[in-house]
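Peer 1: coords please:
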Amino acid sequence: MPRSGKVPPPRTPATDLLRRIESHLAVGRELDLSQGASIEFEDMRTWGVDREVTGEDLCRLLTDPSVTRSPRGIRLRGARIVGGIDLSYRKLDACLHLVSCLVDGEINLIQTELPLLMLRGCHIDRLTGDRMKVGGGALLDYDPKSGERGFRATGLVRLMGAEVGWLSLEGATFRYRGRRVEGTKGEYDSRLSDRPDDDACLRADGLTVNERLTLVSVTAEGDIRLPRTRVGTLIVDETVGRDEPRNLVISDLRYKELMGGPRRSVRQGLRWLNRQTDASFSRQPYWMLASHYEDVGEHSRATFVRFYAAVRRVFPRRTLRSSPGDRVRYWLRNAAQPLTPNFWYGALTGFGYYALASIGWLAATIALVSVLVSGYRSQFVPTRTPVPAAVTTTVRGADPATTLSAHSDTCDASYPCFSPLRYSLDYVVPFASLGQEEYWRPSEVGVPRPVRAGLIGAKLFGWLTATLAAAGITGLLRRA
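Peer 2: Predicted coordinates for the structure are as follows:
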């Protein structure tokens, strides 16, 4: 017994582990309880007391002034942390580096300042890091020694208003679906969700990432909320499938550089943006992607993305979780679109982004009228009398004394020959004067009334497309 009369605390596996952590903390070395072996999530639940340390002890080691610690901080791998970690409203001078650890409880980092945060390959309940500041990186990704298995959270991860140097979520899994507390009937957990109808598993509203944000191979059962986020470089998946879940909330997401699939393919970029949730669908991310393409000199891609955003405005997506009534309303709304000016503005000019498309519509109208006129070529009559005998013949079934028709093979200089193509150009294109419409017209007897009505409609449509084409060439069209 010591002279002081005090009995020292008995040595237990927990106290031995704490001493080892403290000794490694002093020199900044990693304590690997698995000795470099790969760790699976299933193995974490079988760990005994020899791997257990309380979150309270870790907080004391990081905040107690009497503890000798390296700036590299706590570097621990393969441990089970009991009771959660509460470092809220603290300014730390050392890093928190946990790799493939099981955290039984919440990691509370509200308004915490620390140099570096690493939770690589960890399995945690939930993380609350609102308004925290990390000078370096926050790595919520995979453990390099355990392959592709990444960070996993069963509760809500909140990084609202946080500011970090870089943030990596590569290979991360978020299993929280929001809304209801597990094991209860209709009760909402106000600690985990701001609103009862919130399905978010990651809430990072107003997040600031000064360097890069990595969103590669992320699995989320709920929504990933990144509204009003500011990023230096955004890195997303190289390949985005057509059936990816719609679980992104990225309204007012802004970045300086984009890497991944959207950088090399506009199709991949649109597929990634189409992952927005139905309730929060916004066209601003499309404009952001278009601005990025313009910055790298891809002006044609930028134009197409803006055109696609305008199409989405006229034809919104059908919600995945829709009732039969919602589906009926969706189809009725789309069926009524041809009656709106926006539909025709988009169809004829690409909402102002492809203004010269109206020239194609005008050419198609001229070709259609030319084919129609050719079918009734013998039923066109002169508009002026007297007509030279060389260009007259009788209309079939009509009185030859009163009605004349064109015989375009022979004519003289006193009256222009009838040509279906020239007549179509003269008839459809405004202000065109080719000497056809002035001298020839369809016979009221030989040309059916529906055909004559169709010619009038084609003329009106031709005037419209020609006007839009002229406005597009002069730059007067407004882009949607």
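Peer 1: and the strands in the stretch 201-350 of the chain?
Peer 2: Assigned by DSSP state E, counting those that start in this stretch, the stretch 201-350 of the chain shows strands spanning 208-215, 219-220, 223-225, 230-236, 248-249, 254-259.
Peer 1: for residue 109, which of those is the nearest?
Peer 2: Minimum separation from residue 109 across those (CB to CB) falls at strand 208-215, 15.3 Å. To be clear about C-beta, it is placed using only N, CA and C from the backbone, and glycine gets the same treatment.
Peer 1: state the mean pLDDT of that closest one.
Peer 2: Averaged across strand 208-215, the pLDDT comes to 94.
Peer 1: ok, that strand: who's next to it in the sheet?
Peer 2: When sheet partners are counted by DSSP bridges, strand 208-215 sits next to strand 163-168 (parallel), strand 230-236 (parallel).
Peer 1: mind putting the strands of the stretch 201-350 of the chain into CSV with distance to residue 56 and mean neighbour count?
Peer 2: Shown next, in CSV, are the strands of the stretch 201-350 of the chain (distance: least, CB to CB, whole Å; neighbours: other CB atoms under 10 Å):
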stretch, distance to residue 56, mean neighbour count
strand 208-215, 31, 20
strand 219-220, 31, 18
strand 223-225, 31, 24
strand 230-236, 35, 19
strand 248-249, 35, 24
strand 254-259, 39, 16
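Peer 1: want to try TSV for the ones you listed, with distance to residue 132 as columns?
Peer 2: Output for these, formatted as TSV (distance: least, CB to CB, whole Å):
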stretch	distance to residue 132
strand 208-215	11
strand 219-220	21
strand 223-225	17
strand 230-236	16
strand 248-249	21
strand 254-259	21
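Peer 1: okay, stretch 280-300 in PDB with CA atoms only?
Peer 2: What follows is stretch 280-300, C-alpha atoms only, in PDB (Å, rounded to 0.1, in the frame of the first residue of the first chain):
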ATOM      1  CA  SER A 280     -37.400  21.000 -54.400                       C
ATOM      2  CA  PHE A 281     -36.900  20.900 -58.100                       C
ATOM      3  CA  SER A 282     -35.100  24.100 -59.200                       C
ATOM      4  CA  ARG A 283     -33.700  25.300 -62.500                       C
ATOM      5  CA  GLN A 284     -30.900  27.300 -60.900                       C
ATOM      6  CA  PRO A 285     -28.500  24.200 -60.900                       C
ATOM      7  CA  TYR A 286     -29.000  24.000 -64.700                       C
ATOM      8  CA  TRP A 287     -27.900  27.600 -65.100                       C
ATOM      9  CA  MET A 288     -25.000  26.900 -62.800                       C
ATOM     10  CA  LEU A 289     -23.900  24.000 -65.000                       C
ATOM     11  CA  ALA A 290     -24.300  26.100 -68.200                       C
ATOM     12  CA  SER A 291     -22.100  28.800 -66.700                       C
ATOM     13  CA  HIS A 292     -19.500  26.200 -66.000                       C
ATOM     14  CA  TYR A 293     -19.600  25.000 -69.600                       C
ATOM     15  CA  GLU A 294     -19.200  28.600 -70.800                       C
ATOM     16  CA  ASP A 295     -16.200  29.100 -68.500                       C
ATOM     17  CA  VAL A 296     -14.400  26.100 -70.100                       C
ATOM     18  CA  GLY A 297     -15.400  27.200 -73.600                       C
ATOM     19  CA  GLU A 298     -18.200  24.700 -74.200                       C
ATOM     20  CA  HIS A 299     -20.700  27.200 -75.500                       C
ATOM     21  CA  SER A 300     -22.900  24.700 -77.400                       C
END
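Peer 1: for that stretch, which outside residues touch it?
Peer 2: Residues from elsewhere that reach stretch 280-300 (CB atoms under 8 Å, 6 or more residues apart in numbering): 227, 249-255, 257-258, 262-263, 266, 269-270, 273, 276, 301-303, 305-306, 308-309, 312-313, 316-317.
Peer 1: so for that stretch, what gets flagged as buried?
Peer 2: 281, 282, 283, 285, 286, 288, 289, 290, 292, 293, 298 (16 or more other CB atoms under 10 Å).
Peer 1: spatially, which two of those residues are the most separated?
Peer 2: Maximum pairwise distance in the buried residues of stretch 280-300, criterion CB to CB, is 24.3 Å, between 281 and 298.
Peer 1: so what touches whatever helix or strand residue 127 lives in?
Peer 2: If you go by DSSP states H and E, residue 127 is part of strand 123-128. Residues outside strand 123-128 that contact it (CB under 8 Å, 6+ apart): 41, 44, 84, 88, 101-110, 119, 140, 151-159, 176, 192.
Peer 1: and the contacts of stretch 280-300, which of them are buried?
Peer 2: Buried by 16+ other CB under 10 Å: 227, 249-251, 253, 255, 258, 262-263, 266, 269-270, 273, 276, 301-303, 305-306, 308-309, 312, out of the contacts of stretch 280-300.
Peer 1: report the distance from stretch 275-291 to the chain centre.
Peer 2: Relative to its chain's centre, stretch 275-291 lies at 5 Å (CA atoms, centre = their mean, to the nearest Å).
Peer 1: got it, and stretch 210-217?
Peer 2: Computed by CA atoms, centre = their mean, the separation of stretch 210-217 from the middle of its chain amounts to 16 Å.
Peer 1: residues of stretch 41-59 that come out buried?
Peer 2: By 16+ other CB under 10 Å, the buried positions in stretch 41-59 come out as 44, 47, 51, 52, 53, 54, 55, 57, 58, 59.
Peer 1: for stretch 146-159, same thing?
Peer 2: 146, 149, 150, 151, 152, 153, 155, 156, 157, 158, 159.
Peer 1: which parts of the stretch 1-150 of the chain are strands?
Peer 2: 31-32, 52-54, 74-77, 80-82, 85-86, 96-99, 102-108, 113-114, 117-120, 123-128, 133-139.
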